[in-house]
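Enquirer: Sequence and computational prediction follow.
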Amino acid sequence: MIEKRLDRAITDFIWNVVEIHSQLEDIHTSWATLLGITEPQWLILMAITELDEGRGVAGIDIANKLRIHPAFVTNQTKSLEKGGFLSRRPAADDARFVLMSLTEKATTEIGKLSKRRLALNSTMFNELDEETLADLNAALAKLAKNARLAARLLAIDAS
């Protein structure tokens with residue numbers, strides 16, 4: 001009986017994650033559309049915003065953050081550079097690495113969305129206080145770690 005309830009709880013959790021992912025994808029697409037870029041390009045800009053500590057961000061770090069192929073990051077960041085959203089320059093210590101930073105245009109355009117983003121976050125996280133979110137983030141980090149392990153185990157079994 002307990003095993004069946006646990007299985008049901010896990011199944012419900014997975015479908016809730018699928019639903020949240022779908023909604024977040026729609027939200028990211030909406031933000032991207034407002035800037036005239038694609039949803040993956042929006043996520044790249046958000047990753048750079050998160051990772052940049054003033055020196056720029058390497059493509060591999062963006063790829064790791066977003067769990068996407070580095071070649072895709074290279075392709076998309078070249079397009080974002082052409083659109084004036086980011087600058088790309090060789091790393092001072094190793095010219096093989098390209099460091100990317102948001103341009104003033106990108107910072108301004110993202111800034112224009114900040115009030116709307118705050119309102120949206122307020123709606124999404126209504127009824128959740130800081131402690132609840134911290135606990136949820138800790139639990140999700142554990143699940144993400146375990147999911148990576150499970151995916152590797154499944155890949156081993158499949159080969």
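Expert: Ah, there it is.

Enquirer: Regarding the protein, what is its longest helix?
Expert: If you go by DSSP state H, the chain has its longest helix at helix 2-35.

Enquirer: Low-confidence ranges, this structure, go.
Expert: 1 (pLDDT under 70).

Enquirer: mind listing the helices for it?
Expert: Going by DSSP H, the chain shows helices at 2-35, 39-51, 59-66, 70-82, 104-112, 114-124, 130-158.

Enquirer: nearest to Phe97, of these?
Expert: The minimum distance between Phe97 and the helices of the chain falls on helix 59-66, with 7.7 Å, by Cβ to Cβ. For every residue, glycine as well, the C-beta is placed using N, CA and C.

Enquirer: Show me what that closest one packs onto, helices and strands only.
Expert: helix 39-51, helix 70-82, strand 98-102 (3 or more Cβ pairs under 8 Å, 6 or more residues apart in numbering; DSSP states H and E).

Enquirer: returning to that earlier point: list the buried ones in the longest helix of the chain?
Expert: Buried residues in helix 2-35, defined by neighbour count with 16 or more other Cβ atoms under 10 Å: His28, Trp31, Ala32, Leu35.

Enquirer: can you check stretch 88-102 too?
Expert: In stretch 88-102, the ones that count as buried by 16+ other Cβ under 10 Å are Val98, Leu99, Met100, Ser101, Leu102.
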